[in-house]
Structure formats: C-alpha cells, structure tokens
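Peer 1: Here is my input; please provide its structure:
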Amino acid sequence: MMELIEPQEDHIVGLHIDGKVDNETFDRVLAEIEDRLTRHDKIRLYVELVSLGGIGLEALFKDMKFGLGNWRRFEREAVVSDRSWVHKIASVTDRLMPSVEVKAFPLEEKSAALAWVRE
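Peer 2: The predicted model follows:
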C-alpha cells in the first residue's frame, strides 16, 4: 500500500509505503506529482518506507519513464526506513544523480528527515 501524506508544503510530496504498490495507487501518486510540477519548477519528496512488498510491472515502467524524463525537477528526497537496503540504495542514488540530494533516516528520526527535506 502506498498513500499520500501531507507535509504541508506544496512543493513537498509525502508518501507512506507499507506493502505492495499497485498500479492504481501509483497512478494517483504520479498524478499528484505531475500536478505539483505544474506549480513548482522543482519539488521534493518525503518517503516513509515501512516495507515494500513489490511493485506492479506497469507501475515500475511508469516510474522509470517518468523519473528519467523529470529527474532534474526533483531537488531533494528524504527516505525514512529501518531497512538497511534502503539506506544503501539512497546512498548510491545520491551519488548517481548529482542534481538530487537523497538522504536516508531511521524511523525514529522522522522529524529530522522532515526538517531536512524542508531546508
């Protein structure tokens, strides 16, 4: 399950992920991100990742296509998770995409992650 959460700033998209990400939910989130990009040159992401039970193939392809076409419009991403693999991926992503700052935080540091993404 993936759902939008509101960090209150319009240029920040908040997500909570716990379980499988289906195509319908992904489409709703993608529509929200596209809407925010009509109002802002760059946006930021705040993601709480409890668990990831998979992602639908169609959603995965949409994510890749959208991400490759718009990666320069993402400024910063805070990922909150206690999964060690998430922290490793965030570190690699931060180095691979120099225009996007990516930083992972443990679950108990949600407030620090939100403060960092708001800076």
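Peer 1: Please, which helix or strand holds the closest residue to Lys42 other than its chain neighbours?
Peer 2: Nearest-residue entry for Lys42: Glu75, 4.2 Å, with adjacent residues in sequence omitted and distances by Cβ to Cβ, 6 or more residues apart in numbering. (Glycine included, C-beta is placed from N, CA and C.) For Glu75, the host element (DSSP states H and E) is strand 74-80.
Peer 1: Just the mean pLDDT for that strand, thanks.
Peer 2: Average pLDDT, strand 74-80: 95.
Peer 1: in the helix or strand that it is followed by, what's buried?
Peer 2: The helix or strand immediately downstream of strand 74-80 is helix 84-96, counting by DSSP H and E. Of all the residues in helix 84-96, those buried under the rule 16 or more other Cβ atoms under 10 Å are 86, 90, 93.
Peer 1: pLDDT score assigned to the first one?
Peer 2: Read that as Val86. At Val86, pLDDT is 90.
Peer 1: show me the contacts for it.
Peer 2: Applying Cβ atoms under 8 Å, 6 or more residues apart in numbering to Val86 gives the contacts 49, 79, 104.
Peer 1: switch to 10 Å and redo it
Peer 2: Contact analysis of Val86 by Cβ atoms under 10 Å, 6 or more residues apart in numbering lists 47, 49, 52, 79-80, 104-105.
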